[in-house]
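>>> Take a look and give me a structure for this.
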Amino acid sequence: MKQIIPCNEKLYAIYNLDEGDELKLPVLAFGLNELGYIIPLTFDGGSGLDEARAENLDRYELEEDTRIADALEGIETRLDALEELQGTAEQLRECIGYERPAIYAPSGSKGFNFLRIGGTVYKD
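Next up, the predicted model:
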C-alpha cells in the first residue's frame, strides 16, 4: 500500500456467505495500492485489518447517522410537553386565591395564597 486514508463514516462491507448468510464488516480505511487503485480496508476480529476482497463482496452499506434526527425529535417532544404544561399552569392559576391579612394583623403583614379544590369528599 502506498497510502492509507481513514474512513470517517460508518461504512460496512457486506459479504454473501455459502448458506445465504451475510457477513457485515466495518470499513476502517481506504488504501491506495501500487497500481493506483483504491481498496477498502475492513476489520475482522479474526484477521484484523484486511482488504475488502471482491470474491464474496455483495455491496457496501452506509449507516446513516440518526443522532441529529433523534435530537430533533426529542426537542419536538419537549416542546409539546411545554405546551401541555402551560395549559396546566393556566388551569392551576385559576384555582389559586389570595386572602388579605386579617384586620387585627400588624401593619405590613402579608396575606396568603390558597388553592381552591372543588368536588365532593366522600366519607365512609
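
>>> alpha carbons only for contacts and neighbour counts from here, please
OK.

>>> remind me which residues of the chain are low pLDDT?
65-72, 119-124 (pLDDT under 70).

>>> Mind checking what secondary structure the residue of the chain positioned farthest from its centre has?
Going by Cα atoms, centre = their mean, the residue of the chain most distant from its centre is Tyr104, 59.5 Å out. Secondary structure state of Tyr104, per DSSP: H, G, I helix; E, B strand; the rest coil, is coil.

>>> which residues in the protein form strands?
For the chain, the strands defined by DSSP state E cover 3-16, 22-32, 38-44, 48-51, 57-62, 96-99, 112-115.

>>> tell me the angle of the second one relative to strand 3-16?
Angle of strand 22-32 versus strand 3-16, following axes from the mean of the first three to the mean of the last three Cα atoms, to 10 degrees, is 160 degrees.

>>> Check which helices and strands strand 22-32 sits against.
strand 3-16, strand 38-44 (3 or more Cα pairs under 8 Å, 6 or more residues apart in numbering; DSSP states H and E).

>>> would you list those strands in TSV and tack on distance to Gln91 and mean neighbour count?
Shown next, in TSV, are the helices and strands packed on strand 22-32 (distance: least, Cα to Cα, whole Å; neighbours: other Cα atoms under 10 Å):
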stretch	distance to Gln91	mean neighbour count
strand 3-16	49	16
strand 38-44	59	19
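
>>> Looking at those, which is nearest to Phe114?
Nearest of the helices and strands packed on strand 22-32 to Phe114, taken as Cα to Cα: strand 3-16 at 58.3 Å.

>>> And for Asp80, the neighbour number?
Asp80: 11 surrounding residues under other Cα atoms under 10 Å.

>>> what residues are up against it?
Shown here is Asp80, which makes no contacts under the criterion Cα atoms under 8 Å, 6 or more residues apart in numbering.

>>> let's see it at 10 Å
Gly74 (Cα atoms under 10 Å, 6 or more residues apart in numbering).

>>> Then Gly87?
Shown in contact with Gly87 (Cα under 10 Å, 6+ apart): Ala81, Arg93.
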